[in-house]
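Participant: sequence and predicted structure below; questions after.
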Amino acid sequence: MTRHIEELIAQGEIGGRTVRILETGEVDCYSYPVPSLADGAVRVRSARTAISPGTELTYVGRSATNPYLHRRWDRDLRLFRDDASSVAYPIVFGYRAAGIVVESRAAQVREGARVFGRWRHTEFTTLAAADAEAQLLPGELSFDDGLDLAQMLPIAVNAVAFADGREREGPVVVFGCGPIGLLVAQVAKATGAPAVYAVDRLSARLEIARSVGIEPVSSEGDVAARLKQDLGAEAIAVAFECTGSADALGEAIRVVRRRGTVVAVGFYQGDATGLRLGEEFHHNGVEIRSGQIGNPHPSFDERSLRARALELARSGKVVLGGLPRLELPVEEASAGFAALQRPAEVLQVTFRYV
């Protein structure tokens, strides 16, 4: 057992059936011991965890592209260095989870409480009582809703915040109808965008967008020219790029008006081949902003982002658990990761533990 895994077990962050990404490129489910619970903490048994179809998949396969595998993140200088890697296999990942408190050593959180959070794909995890109390799942929301309250919906809220209200100035375009793109589109609409267009190459995902009140647009042909011809060259003040594709980032730059804003939400891997910054970016003075959750908008911190996400979830203006998903027992983790290689059929994958 590697040192970092031993530390995670000792800290109570993983225990029982746990999904691992292996150096061979494979994924499995392995059972780890469960340590005793310290005072002031609670033990949660996962009901559901869901794969992040963006970040998590960059760790999988022999040609995995996540920069943490190949370079070291220098926290002091805030840059990557080539002298080492930041993570080691086996990797136990995950940040979309919901479950039930099964043991508590804190008076303020009772056994049986339902919570959501950012823990890994693991059967048992330990939370500080204050964290569990701050992440109690409201009674009207399901475990499937809870999967996206700690990270995915805050990602979308944070991304839209980087538009700084420009989404209310005219139609908004979102590139990508994956889970993040669908949430960003809904948040933009909920915060005042008069119209939201979602672009994707897959007809099944465009139909999902339509089902949550977003106008679907096929990515075939010259999307930017088509939208500008229909809406006007100066109509689109802001676009959100949610695929992690350099080509889609280029289209987002092309679609916005002069001095428009592009919020880059996707996780871009390797070189940005095909991104031509000497064209519309140069001639139209387009601004590109990183809307990653690791770069919170100045108007938010973790607590206020979570509060805003909860507010939107409870308002009914954003569909979370109602978005399509393939649910599998955690023992079938390998099949779950493989299913995401069929994006025309599978939007997201959830593991169940009970």
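Facilitator: Received, thanks.
Participant: all contacts plus neighbour counts: C-alpha atoms, from now on.
Facilitator: Fine.
Participant: CA-only coordinates of the lengthiest helix in the chain in CSV, if you can.
Facilitator: Among the elements of the chain assigned as helix by DSSP state H, the one spanning the most residues is helix 302-315. The C-alpha atoms that make up helix 302-315 are tabulated as CSV, following Å, rounded to 0.1, in the frame of the first residue of the first chain:
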residue,chain,number,x,y,z
GLU,A,302,-16.7,28.7,-0.8
ARG,A,303,-19.5,29.3,1.7
SER,A,304,-21.4,31.9,-0.4
LEU,A,305,-21.0,29.8,-3.5
ARG,A,306,-22.5,26.8,-1.8
ALA,A,307,-25.4,29.0,-0.4
ARG,A,308,-26.2,30.4,-3.9
ALA,A,309,-26.1,26.8,-5.3
LEU,A,310,-28.5,25.6,-2.6
GLU,A,311,-30.8,28.6,-3.3
LEU,A,312,-31.0,27.8,-7.0
ALA,A,313,-31.5,24.1,-6.4
ARG,A,314,-34.4,24.7,-4.0
SER,A,315,-35.9,27.3,-6.3
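Participant: any idea how far that helix is from the middle of the chain?
Facilitator: Relative to the mean C-alpha coordinate of its chain, helix 302-315 is positioned 15 Å out (Cα atoms, centre = their mean, to the nearest Å).
Participant: check which element follows it along the chain.
Facilitator: Past helix 302-315, heading to the C-terminal end, the next element that is a helix or strand (DSSP states H and E) is strand 326-329.
Participant: run through who's touching that following strand.
Facilitator: In this structure, residues lying in contact with strand 326-329 by Cα atoms under 8 Å, 6 or more residues apart in numbering are 336, 346-353.
Participant: C-alpha coordinates for it, PDB please?
Facilitator: Taking only C-alpha atoms (Å, rounded to 0.1, in the frame of the first residue of the first chain), the coordinates of strand 326-329 have been written out as PDB:
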ATOM      1  CA  LEU A 326     -26.500   5.700 -15.800                       C
ATOM      2  CA  GLU A 327     -26.500   4.200 -12.300                       C
ATOM      3  CA  LEU A 328     -24.400   1.200 -11.500                       C
ATOM      4  CA  PRO A 329     -23.200  -0.500  -8.300                       C
END
